[in-house]
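> Got a sequence here, can you build the structure:
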Amino acid sequence: MPTTKKITNNQPSIALMSAEELAKYEKIIPGGAERILELAEQQASHAQELENRQLETSAKLKLVCQVITFFLALGTGALGAALLLAGSELAGLLVIVVDAAALAAVSLYGKQN
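Presented below is the predicted three-dimensional model:
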């Protein structure tokens, strides 16, 4: 069984650096404070980009789920109608009622979340 190692970053957090700490870096490496601030801006931009991608993916997934649910409900309703037309009134009615109840349950559950 392979083992995994957790890699930790022991560098000070850029977001938590005080002005005095940045001044120390600037004193040691001329232009260092500006480079640190640029790095912080890049990290923030990257985090925002990842969050935007996640939101877009979530929205697309919801749309796909809605489309699939629509076609499943439509197909089930059509099956119920076909059973009714074929003379199986009880089976057709049961399929249609269960389909409607399932749609209502999914709708109510979706509103809660």
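> which outside residues touch the helix or strand hosting L90?
Assigned by DSSP states H and E, L90 belongs to helix 89-112. With contact meaning CB atoms under 8 Å, 6 or more residues apart in numbering, helix 89-112 is reached by 69, 73, 76-77, 79-86. In this view, the C-beta of every residue, glycine as well, is placed from N, C-alpha and C.
> Out of the residues you listed, who's the most crowded?
G80 (21 neighbours; other CB atoms under 10 Å).
> gap between it and A100?
As judged by CB to CB, to the nearest Å, G80 and A100 stand 9 Å apart.
> quick one, helices of this structure?
Remark: helices assigned in the chain by DSSP state H are 19-28, 32-85, 89-112.
> Next, the angle helix 89-112 makes with the longest one.
Meaning helix 32-85. Interaxial angle, helix 32-85 versus helix 89-112 (axes from the mean of the first three to the mean of the last three CA atoms, to 10 degrees): 160 degrees.
> Helix 32-85 - what's its average pLDDT?
For helix 32-85, the mean per-residue pLDDT is 91.
> so what's Y25 up against?
32-33, 36.
> same question, I68
By CB under 8 Å, 6+ apart, the contact list for I68 is empty.
> And for L85?
Here L85 is in contact with G92 (CB under 8 Å, 6+ apart).
> Return the distance of it relative to A101.
Counting by CB to CB, the gap from L85 to A101 is 22 Å.
> Narrow the contacts of Y25 to those that are buried.
The neighbour count (16 or more other CB atoms under 10 Å) marks 33, 36 as buried among the contacts of Y25.
> Show me which of the contacts of Y25 is closest to A44.
A44 lies nearest to I36 out of those, by CB to CB, at 12.8 Å.
> I figured M17 was touching G32, is that so?
No: using CB atoms under 8 Å, M17 makes no contact with G32, being 11.3 Å away.
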